[in-house]
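**Student:** Just need the structure, nothing else, for what follows:
(2 chains)
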Amino acid sequence: MKTSKALSPIARITKYTLIDEVRQRSFVIMFVICALCIFLIRGCYQGNYMVNGHSLDAGTVVRTVSKVTFHIIGAGVMVITALLSMRIFRRDRNEGMQSCILSKPIARWQYVMGKTIGLWVLSVLFMFILHSIVFLITSIDLKIFMPEYLVASLLCSINLLFVIIAMLLLSLLMPDIVAFMCVLGVGVVGFVADGIAAASQSQIAQAIVQQSGGHPQSDLAWWKIVYFLWPKLLGVQQVASSLIESESSHGFGPAYPLVNVLLYCLILGVLLFKRFRNEDIV
Amino acid sequence: MIELKNVTKRYDSLTAVDDVSFSVKSGEYFALLGPNGAGKTTIVKMLLDFTRPTSGSLSLSGIPSTLAECRQSIGYLAENHHIPPSLSGWQYLLRCAELLDIGRPEATDQCRHIVELIGMQGREDAKAGTYSKGMIQRLGIGAALMGAPKLLILDEPTSGLDPIGIREIRQLLESLKGHGMTIFLNSHLLSEVEKICDTAAIINRGKLLVKDAISAIVKDGETLEDMFVRLVKG
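**Tutor:** Numbers count the residues shown, from 1 in each chain, chains lettered A, B, ... in the order given. The predicted structure follows:
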C-alpha cells in the first residue's frame, strides 16, 4: 500500500515527461529523419562485396551491415538522448511545472525518478524502433531473421540510462551546453580508447611492435587504470552486438562493461538525488 | 496551522530572513507584507521546502515543512505563475488534480467546478500560450484550489495585473471566505490586503517588525499604507 502510494507520483511524472517530449516538434522531426536514414541503408544489403578477391555471401553481408548499423544507431541515439535530457529541468522550471509538482505532496526523489524513467523509456523506445526497422528489413526483404538483434538493442539501453543520469546531474552543475559537451566527451574518449585498445590487440599491431624491437607493456600504468575505470559505453555495445553474431567481445570479459556502466549509473544516480535535494526551486 | 520558529536564511553574506518567528491560526486570512527584497518570497519558499532555512524550523499543521506529507492539503500560487504553453487550461488543471492522486471522474468534476469559479468557461480548451496574464493568474489560483486545500499560499497573486484583474482576484478570494480555508497572502498591494485579510505581519530586511490583527496594527485615522510606511521607514 505504502509502496504503491510512493510509486503513483513517479508513474504520473513519467507519463507527463513522455507526453511532453513526444509533443515537441523537434523530437518528431528528429525521429522521422533517423527512421528515413535507416531505410536508406537498404541499398547496402544489395551490393557485391569482395574481400581478397572472394565475393562475400549474402548472409555475411547482412550480418556485417546490420552490426555496423547497430553500432551507428546505438551511438546516435546516445547523442539524441543527451540532447533530450539536457534541458529537461530548465524547461520544467521555466514553464512552472517544477514548482507546481513540488508544491504537491511529492518528494524530490520521486520527481527526479519520474523524469529519469520517463526519459529512459522514451530513448529506449526510440532506439528499439530504429533497430526494429533494421530487423524488419532483414526479415522481410532478405529473409534473414535475427531476433537477437532486438535483444541486443535492449541491452544497449544501459548506455542510455548512463547518458540520462549524467546529463541530468551535470545540467544542475553547469550550463546545459557545457554538460552536453562533457557527456559527449566521455563517450568519444571511451569510443576512441576502446578502438585503440581493440586495434592494439590485433595480430598486425602485435607484429609491428615486435618488429620494432619493443615488447608489449605488461606493467600497470596510470593510463591503464584510467582506461579500465572509464565508462565502457562501447564495451556495452560490443557485448550487445556479440549477441548478433556469436563472437567474443574485445578486451574485457563480457560482464565487465555492463558492471562498469551500471556502477556509474548507481554512483551518478546517488549524486543526482543528493544534488537535487539541495537545489533551490525557483 | 503555520508555525515558524527562529527561522534564518542566509545566502553567503546576505541575510534574507533574520530570526523570524510567528504563527498563523487555522481559518485566518493572513498577509505577509514588506517592501521588495524584504524576504517574503524566501519565507514562502521555505514553507514549501523549495529552499532550506539556515537555522530554525517551519511546520505546517504540526508536520515539518521538509516532509512531503505536509503539502497534502496546500494550494500554492507562485509569483509570476507560468503554465506550459503546449497545455490547455483544462489539461493543466487535470494534471494538478492527478498529481494530488484524485481519480479521473472526481478530477473532471473538480476541474469543471474550478473553471466555473475562475470564470474561464469557453476558454479552458485553448492553449495556455494564447492566455492573457490575468487568465494565467486565475488559472493558477484555480490550480491552487484543486483538491479543496485547507491552506492557500498565494505569492503576489495580483502581480502584473491591471486594476480589473486585481479586482477579479480580490473578488475570487473574498468568495472563498467562509469555507474554513486559511489564506497566506504574500503581497505589497496594501489596499487589497486591507480589504481581504484579518491579520498581517510586516517584515523589512528579513526582520519581523510586527504581527497582529490588522485592526490592532492600524491606529485611528491611519490606513494600512500609512502604518506600513511608518514602520518600514522607522
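**Student:** And the helices in the chain, which stretches?
**Tutor:** Using chain A. A:2-23, A:25-40, A:42-45, A:58-85, A:88-94, A:97-102, A:108-136, A:147-155, A:157-173, A:176-200, A:203-211, A:222-229, A:233-244, A:255-277 (DSSP state H).
**Student:** oops, I was thinking of chain B
**Tutor:** Along chain B, counting by DSSP H, helices occupy B:40-47, B:89-99, B:104-117, B:133-145, B:163-176, B:190-196, B:214-217, B:224-233.
**Student:** Is the second one positioned near chain A?
**Tutor:** By that I understand helix B:89-99. Yes: Helix B:89-99 lies in contact with chain A when judged by CB under 8 Å from any CB of the partner chain; the contacting residues are B:95, B:96, B:98, B:99. Yep, even glycine has a C-beta here, placed from its N, CA and C like the rest.
**Student:** rewinding a little: now the helices of chain A as a markdown table including mean pLDDT and mean neighbour count?
**Tutor:** Putting the helices of chain A into a markdown table (pLDDT from 0 to 100; neighbours: other CB atoms under 10 Å in any protein chain shown) gives the following:
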| stretch | mean pLDDT | mean neighbour count |
| --- | --- | --- |
| helix A:2-23 | 90 | 16 |
| helix A:25-40 | 90 | 13 |
| helix A:42-45 | 76 | 14 |
| helix A:58-85 | 89 | 20 |
| helix A:88-94 | 93 | 17 |
| helix A:97-102 | 94 | 23 |
| helix A:108-136 | 95 | 21 |
| helix A:147-155 | 91 | 17 |
| helix A:157-173 | 96 | 23 |
| helix A:176-200 | 88 | 16 |
| helix A:203-211 | 71 | 11 |
| helix A:222-229 | 84 | 11 |
| helix A:233-244 | 88 | 24 |
| helix A:255-277 | 95 | 16 |
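**Student:** got those helices as JSON lines, with distance to residue B:19 columns?
**Tutor:** What follows is the helices of chain A, written out as JSON lines (distance: least, CB to CB, whole Å):
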{"stretch": "helix A:2-23", "distance to residue B:19": "35"}
{"stretch": "helix A:25-40", "distance to residue B:19": "49"}
{"stretch": "helix A:42-45", "distance to residue B:19": "72"}
{"stretch": "helix A:58-85", "distance to residue B:19": "41"}
{"stretch": "helix A:88-94", "distance to residue B:19": "30"}
{"stretch": "helix A:97-102", "distance to residue B:19": "26"}
{"stretch": "helix A:108-136", "distance to residue B:19": "27"}
{"stretch": "helix A:147-155", "distance to residue B:19": "56"}
{"stretch": "helix A:157-173", "distance to residue B:19": "31"}
{"stretch": "helix A:176-200", "distance to residue B:19": "38"}
{"stretch": "helix A:203-211", "distance to residue B:19": "70"}
{"stretch": "helix A:222-229", "distance to residue B:19": "48"}
{"stretch": "helix A:233-244", "distance to residue B:19": "51"}
{"stretch": "helix A:255-277", "distance to residue B:19": "25"}
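**Student:** So which of those helices is nearest residue B:211?
**Tutor:** In this view, the helices of chain A are compared for proximity to residue B:211 by CB to CB, and helix A:97-102 is the closest at 26.1 Å.
**Student:** Check which helices and strands that closest one sits against.
**Tutor:** Using 3 or more CB pairs under 8 Å, 6 or more residues apart in numbering or on different chains; DSSP states H and E as the contact definition, the elements that helix A:97-102 packs against are helix A:88-94, helix A:108-136, helix B:89-99.
**Student:** can you list those in a markdown table and add distance to residue B:131?
**Tutor:** Putting those into a markdown table (distance: least, CB to CB, whole Å) gives the following:
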| stretch | distance to residue B:131 |
| --- | --- |
| helix A:88-94 | 16 |
| helix A:108-136 | 25 |
| helix B:89-99 | 7 |
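**Student:** for the one residue in chain B that gets nearest to chain A, phi and psi?
**Tutor:** Among the residues of chain B, residue B:82 lies closest to chain A, at 3.3 Å counting by CB to the nearest CB. For residue B:82, the backbone dihedrals (degrees, to the nearest 10) come out as phi -130, psi 150.
**Student:** Quick check: it vs residue B:157, distance?
**Tutor:** Separation of residue B:82 from residue B:157 (CB to CB, to the nearest Å) stands at 14 Å.
**Student:** Out of these two, name the residue with the larger neighbour count.
**Tutor:** When neighbours are counted by other CB atoms under 10 Å in any protein chain shown, residue B:157 comes out ahead of the other of residue B:82 and residue B:157, with 30 against 16.
**Student:** Surely the more buried one touches residue B:187?
**Tutor:** Yes: using CB atoms under 8 Å, residue B:157 is in contact with residue B:187, at 7.2 Å.
**Student:** In chain B, which residue is most central in space?
**Tutor:** Residue closest to the average C-alpha location in chain B (CA atoms, centre = their mean): residue B:154, at 1.3 Å.
**Student:** Touching, that residue and residue B:189? I think so.
**Tutor:** No: under the criterion of CB under 8 Å, residue B:154 is not in contact with residue B:189, lying 11.5 Å apart.
**Student:** So which bits of chain A are right by chain B?
**Tutor:** With CB under 8 Å from any CB as the criterion, chain A meets chain B at residues A:5, A:8-9, A:12, A:16, A:20, A:23, A:94-97, A:99-107, A:110, A:278, A:280-282.
**Student:** Report the contact partners of the residue nearest to residue A:12 when sequence neighbours are not counted.
**Tutor:** Distances taken as CB to CB, 6 or more residues apart in numbering or on different chains put residue B:98 closest to residue A:12, at 5.6 Å, once the chain neighbours are dropped. For residue B:98, the set of contacting residues under the criterion of CB atoms under 8 Å, 6 or more residues apart in numbering or on different chains consists of A:12, B:104, B:107.
**Student:** can you list the residues of helix B:89-99 next to chain A in TSV and add pLDDT?
**Tutor:** Conversion of those to TSV gives the following (pLDDT from 0 to 100):
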residue	pLDDT
B:95	95
B:96	94
B:98	93
B:99	93
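**Student:** If you rank the residues you listed by neighbours, which is first?
**Tutor:** Counting by other CB under 10 Å, residue B:96 has the largest number of neighbours within the residues of helix B:89-99 next to chain A, with 27 neighbours.
**Student:** quick one: that residue from residue B:188, how far?
**Tutor:** Look at residue B:96 and residue B:188: by CB to CB, they are 27 Å apart.
**Student:** burial of residue B:187, as a residue count?
**Tutor:** By other CB under 10 Å, the residues close to residue B:187 number 22.
**Student:** Enumerate every residue touching it.
**Tutor:** For residue B:187, the set of contacting residues under the criterion of CB under 8 Å, 6+ apart consists of B:31, B:32, B:33, B:154, B:156, B:157, B:158, B:193.
**Student:** Go again with 7 Å.
**Tutor:** For residue B:187, the contacting residues are B:31, B:33, B:156, B:158, B:193, by CB atoms under 7 Å, 6 or more residues apart in numbering or on different chains.
**Student:** Mind pulling up the pLDDT for the residue lying closest to the fourth one once chain neighbours are set aside?
**Tutor:** The reference is to residue B:158. Nearest residue to residue B:158 in three dimensions, chain neighbours excluded: residue B:166, at 4.5 Å (CB to CB, 6+ apart). Residue B:166 is assigned a pLDDT of 84 by the prediction.
**Student:** I'd like to know how far residue B:166 sits from residue A:282.
**Tutor:** Relative to residue A:282, residue B:166 is positioned 24 Å away (criterion: CB to CB).
**Student:** So between these two, which is more surrounded?
**Tutor:** In this comparison of residue B:166 against residue A:282, neighbours counted by other CB under 10 Å, the higher total goes to residue B:166 at 19 against 14.
**Student:** closest to residue B:17 out of the helices of chain A?
**Tutor:** Ranked by CB to CB, the member of those that lies closest to residue B:17 is helix A:97-102, at 19.0 Å.
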